[in-house]
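Undergrad: structure, please.
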Amino acid sequence: MVNIFQIRAARAWVGLSQEQLAKEAGVAKRTVIRLENSEEPRTDRIVEKLRSALERHGIEFLFEGHQGVGLRYREPKQ
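TA: The predicted structure is shown next:
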């Protein structure tokens, strides 16, 4: 499962503001802010929306099986 640190890092990596990510993911800006600040319990549904939006920008999320948690960037498919 994607963690919130990966979401925050991925958003910064592709240069999206919290507002832009929220709009692309179909969630409220306040939701992104609260998740990134660990003020709101994360739900699988919200995290999946954020993940999908970031993957459209070329982010690939890496998990424990990939020598640790992290991110990789690939040019987005047009």
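Undergrad: all strands for this structure, in order.
TA: Ranges of strands within the chain are 59-62, 70-73, based on DSSP state E.
Undergrad: out of the ones you listed, deepest packed?
TA: Most buried of these, by mean neighbour count (mean count of other CB atoms under 10 Å): strand 59-62, with a mean of 17. All C-beta spots, glycine's among them, are computed from the backbone N, C-alpha and C.
Undergrad: neighbouring strands for that strand, and are they parallel or not?
TA: Strand 59-62 has its sheet partners listed here by DSSP bridges as strand 70-73 (antiparallel).
Undergrad: if I look at G15, how far off is I59?
TA: Counting by CB to CB, to the nearest Å, the gap from G15 to I59 is 12 Å.
Undergrad: out of the helices and strands in the chain, which is least certain?
TA: strand 70-73 (a mean of 84; mean pLDDT, DSSP states H and E).
Undergrad: returning to what we had before: so for E24, which of the strands of the chain sits nearest?
TA: strand 59-62 (12.1 Å; CB to CB).
Undergrad: with just CA atoms, put the closest one into CSV.
TA: This file holds the C-alpha atoms of strand 59-62, laid out as CSV (Å, rounded to 0.1, in the frame of the first residue of the first chain):
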residue,chain,number,x,y,z
ILE,A,59,5.2,8.2,-11.0
GLU,A,60,5.7,4.5,-10.2
PHE,A,61,5.4,3.5,-6.5
LEU,A,62,7.9,1.0,-5.2
